[in-house]
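Peer 1: I would like to see how this sequence folds:
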Amino acid sequence: MDGPVRSRLASLSDFQFGAVATETIEDALLHLAQQNEQAVQEAAGRMGSFRETRIVEFVFLLSEQWCLEKSVSYQAVEILERFMVKQAENMHRQATVQLSEKKEPQNWKALKEQLSNKFILRLVSCVQLASKLSFHYKIISNVTVLNFLQALGYVHSKEELLESELDVLKSLNFQINLPTPLAYVEMLLEVLGYNGCLVPATQLHATCLTLLDLVYLLHEPIYESLLRASIENSVPSQLQGEKFVSVKEDFMLLAVGIIAASAFIQNHECWSQVVGHLHSITGIALESITELSYAILTHSVGANTPARQQPARPHLEARALRATAASNT
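Peer 2: Next comes the predicted model:
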């Protein structure tokens with residue numbers, strides 16, 4: 001086993017739960033819940049469109065090559081996703097203004113090519129920025145980045161690299177310390193430990209990381225199956241798909257689904273207790289936790305999922321899923 005892999009495994013085994021005062025945990029959980037509520041309310045348009053499998057896989061492999069911790073790779077994906085959405089929104093805004101003012105339209109093909117040509121540079125800049133937020137662990141130097149780009153056939157100067165980082169920062173108003181699903185997962189695991197969960201938090205943590213990777217890599221099919229289940233229709237309408245964006249951006253919902261699925265894999269006999277705890281902590285409906293964990297497990301381990309084992313599901317709907325289903329009426 002090589003050094004970097006051994007060090008990553010060591011960092012996972014050193015992860016500790018139960019070392020923080022309950023008052024601090026309560027405050028932190030409340031803060032995350034407020035952040036999540038705001039993100040769900042503001043979710044709209046093309047958000048989530050750039051969590052595409054090939055993009056996520058590239059970020060994950062690059063983070064692994066540079067021996068970055070998991071939180072960095074997730075944050076890099078979120079920074080890149082929001083930056084690209086901003087770029088798309090700006091292009092749409094420019095086109096709308098030009099049409100209203102009857103100006104000569106820009107060469108959109110050239111603009112698209114320009115975005116495509118700089119995409120790898122932007123992606124790497126997002127990974128580098130995410131590594132700088134995690135400065136206690138490891139920062140990726142400009143030399144490392146330039147050597148990597150050169151190996152792929154992209155020749156850039158240090159000035160271009162700095163300009164790329166600045167473009168990302170300016171586009172996001174320097175707000176790049178974005179919450180990730182991992183923060184919600186680890187916070188909820190901490191609370192579960194204090195609440196007497198039968199499955200140890202450290203045991204669940206490793207499985208949660210694996211499943212969270214899976215959800216990022218299979219984001220679209222997992223959420224498509226969740227959408228179809230929530231509206232009981234195999235062909236969702238465009239309006240239903242647009243309303244479902246808020247569900248995709250609900251990291252608290254994703255976190256409970258990840259933990260529930262992990263609990264089923266670790267000890268399915270304790271699954272109901274874990275789901276009950278998650279419902280009590282977050283207020284998310286039991287049915288919504290079941291549906292999401294079912295979708296995650298269906299795309300990972302296949303049959304014998306909790307949804308199939310439960311004789312009857314509670315007739316409850318999550319607030320986000322309720323809004324989606326309402327569009328069907």
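Peer 1: Near Tyr216, how many other residues are there?
Peer 2: For Tyr216, the neighbour count with other C-beta atoms under 10 Å is 22. All C-beta spots, glycine's among them, are computed from the backbone N, C-alpha and C.
Peer 1: got it, and Leu61?
Peer 2: 11.
Peer 1: just Asp213 next, same as before
Peer 2: Asp213, neighbours per other C-beta under 10 Å, totals 16.
Peer 1: got it, and Ser157?
Peer 2: 10.
Peer 1: Report the contact partners of the nearest residue to it once chain neighbours are set aside.
Peer 2: Among residues not flanking Ser157 along the chain, Leu146 sits closest, at 8.0 Å (C-beta to C-beta, 6 or more residues apart in numbering). Leu146 makes contact with His156, Ser157, Lys158, Leu161, according to C-beta atoms under 8 Å, 6 or more residues apart in numbering.
Peer 1: Equivalent analysis for Ser262, please.
Peer 2: By C-beta under 8 Å, 6+ apart, the residues touching Ser262 are Leu204, Thr207, Cys208, Leu211.
Peer 1: among those, which are in strands?
Peer 2: Using DSSP state E, no member of the contacts of Ser262 sits in strands.
Peer 1: and of the residues you listed, the nearest to Ser288?
Peer 2: For these, the minimum distance to Ser288 (C-beta to C-beta) is 16.9 Å, reached by Leu211.
Peer 1: State the pLDDT value of that closest one.
Peer 2: What the model reports as pLDDT for Leu211 is 96.
Peer 1: doesn't Val301 make contact with it?
Peer 2: No. Counting by C-beta atoms under 8 Å, Leu211 does not reach Val301; the two are 9.8 Å apart.
Peer 1: Going by how many neighbours each has, rank these two and give me the top one.
Peer 2: Leu211 (24 against 13).
Peer 1: tell me the contacts of the more buried one?
Peer 2: Here Leu211 is in contact with Ile258, Ala261, Ser262, Ile265, Ile296, Ser300 (C-beta under 8 Å, 6+ apart).
Peer 1: Can you name the next helix or strand after the helix or strand encompassing the first one?
Peer 2: If you go by DSSP states H and E, Ile258 is part of helix 251-266. Taking DSSP H and E as the definition, the helix or strand that follows helix 251-266 towards the C-terminus is helix 271-282.
Peer 1: Using neighbour counts, pick out the buried residues of that following helix.
Peer 2: Within helix 271-282, the residues that count as buried by 16 or more other C-beta atoms under 10 Å are Trp271, Ser272, Gln273, Val274, Val275, His277, Leu278, His279, Ile281, Thr282.
Peer 1: Tally up the residues packed near Ala206, please.
Peer 2: By other C-beta under 10 Å, 15 other residues sit near Ala206.
Peer 1: Tell me the confidence at it?
Peer 2: 91.
Peer 1: any idea how far it is from Phe264?
Peer 2: Separation of Ala206 from Phe264 (C-beta to C-beta, to the nearest Å) stands at 15 Å.
Peer 1: can you check Ile139 too?
Peer 2: Distance of Ile139 to Phe264, given as C-beta to C-beta: 38 Å.
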